[in-house]
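Give me the fold of what follows.
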Amino acid sequence: MRNRTTFTLLLALLCATGIASAQTFPSRPIRIVVPFPAGAGGDFVTRLYTPRMGEALGQPFIVENRSGASGNIGAESIARAAPDGHSLLTVSSSHAVAQNVYKNLPYELIRDFEPVALLAYTPQVLVVHPSIPVKSVGELVALAKAQPGKLTFASSGMGSASHLSAEMLKMQAQIELLHVPYKGTAQALTDLTSGQLSMMFASQVSSFIKAGRLRAIAISSAQRSRTTPDLPTVAESGLPGYESGVWFGLIAPKGTPMDTVNRLNATAVRIGQSQEVRDLLMSQSAAEPLSGTPAQVGNYLKSEIAKWRQLVLALGLREE
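Sure thing, here's the model as predicted:
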């Protein structure tokens, strides 16, 4: 009888502790590291969500930009932080790629972090210079096969989303394209619009398209975008299964209590579903909000890491 009473008291104590933890979080300002420069896509998305999350949770979010090494410096700093929910990291598709590129990373996304929430997804638009006589992916593939290695594609750098999106197109369509990497998107678009290059996967190009300086032929997402409903996806243009885009989410150090993770997740999902945030994402970055439970976020991270592994190895991008 005594053992049963002791067990009951311990169980009640554990339940009370869990409830108290959920009720007291957050107990101080929440630090969120954005491993990208101020003004970048991940920074914009984070600063769109965090003031609203802070208001909902009753504590401010302090955003800290710690860019460098493809986002790995900021990621390492949060991997080592206390697992109490007061330290978070903005994670992106570039981190999933990095897991395959860098052999000796000081952290692992799955091993060292708790998945919290997905925030936003930005598809890329496949654009060509108007001098290129194609208006569809099918016509582009046919031209590339007729002139192997003659068509060029720009990217914002080796291993970037714009680079890997084009390489995925090359691999699935079995065509040859010449890669011209740049240190950033601005100069790449300048040379593309001047006619020095043939094509590029890029976001934020609607002004160039409207001005007739670029021609859009497809979008990289699995489904059509609300911003360009008449623009077909690459997948429906003859390459089924093709999907490539830039996504952003939140993760916390491994061991962060699940009640805290669930509260952060519910808050982020609720904010992402608000019409205000949906409209701002769409108008300012052509992005769509994402959602999902922490378990679904974890599965998504695993699938993204696996998706890029084959391409990274095929391209020889792995660094020792």
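
Against residue 288, how distant is residue 168?
Distance, residue 168 to residue 288, by C-beta to C-beta, to the nearest Å: 20 Å. Bear in mind the C-beta positions are built from the backbone N, C-alpha and C, glycine included.

Oops, could you answer that again for residue 132 instead?
28 Å.

Show me the domain layout of this protein.
Per automatic domain parsing, the structural domains of the chain span 29-121+245-315, 125-237.

In JSON lines, list those domains along with mean neighbour count and mean pLDDT.
Output for these, formatted as JSON lines (neighbours: other C-beta atoms under 10 Å; pLDDT from 0 to 100):
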{"stretch": "domain 29-121+245-315", "mean neighbour count": "19", "mean pLDDT": "94"}
{"stretch": "domain 125-237", "mean neighbour count": "18", "mean pLDDT": "95"}
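
sec struct for the closest residue to residue 101 other than its chain neighbours, please.
Nearest non-adjacent residue to residue 101, counting by C-beta to C-beta, 6 or more residues apart in numbering: residue 317, 5.3 Å away. With DSSP: H, G, I helix; E, B strand; the rest coil as the basis, the three-state label of residue 317 is coil.

dump the residue contacts of residue 317.
Residues in contact with residue 317 (C-beta atoms under 8 Å, 6 or more residues apart in numbering) are 100-101, 158-159.

can you name the two of those residues that are farthest apart?
100 and 158 (13.3 Å; C-beta to C-beta).

circling back to that earlier point, nearest to residue 80, of the contacts of residue 317?
When the contacts of residue 317 are compared against residue 80 (criterion: C-beta to C-beta), the nearest one is residue 101, at 21.4 Å.

Is the closest one in contact with residue 315, as I believe?
No - in this structure, residue 101 is not within contact of residue 315 by C-beta atoms under 8 Å, at 9.6 Å.

Tell me what residue 62 is bridged to.
Per DSSP bridges, the residues bridged to residue 62 are residue 31.

State the distance from it to residue 212.
In this view, residue 62 and residue 212 are 44 Å apart by C-beta to C-beta.

need the longest strand for the protein.
Criterion DSSP state E: the longest strand present in the chain is strand 113-123.

Find the centremost residue of this structure, please.
residue 247 (2.0 Å; C-alpha atoms, centre = their mean).

Secondary structure element holding that residue?
Using DSSP states H and E, residue 247 sits within strand 245-253.

helices or strands up against that strand?
Under the contact definition 3 or more C-beta pairs under 8 Å, 6 or more residues apart in numbering; DSSP states H and E, strand 245-253 sits against helix 41-57, helix 72-79, strand 87-92, helix 93-101, strand 113-123, helix 258-272, helix 294-315.
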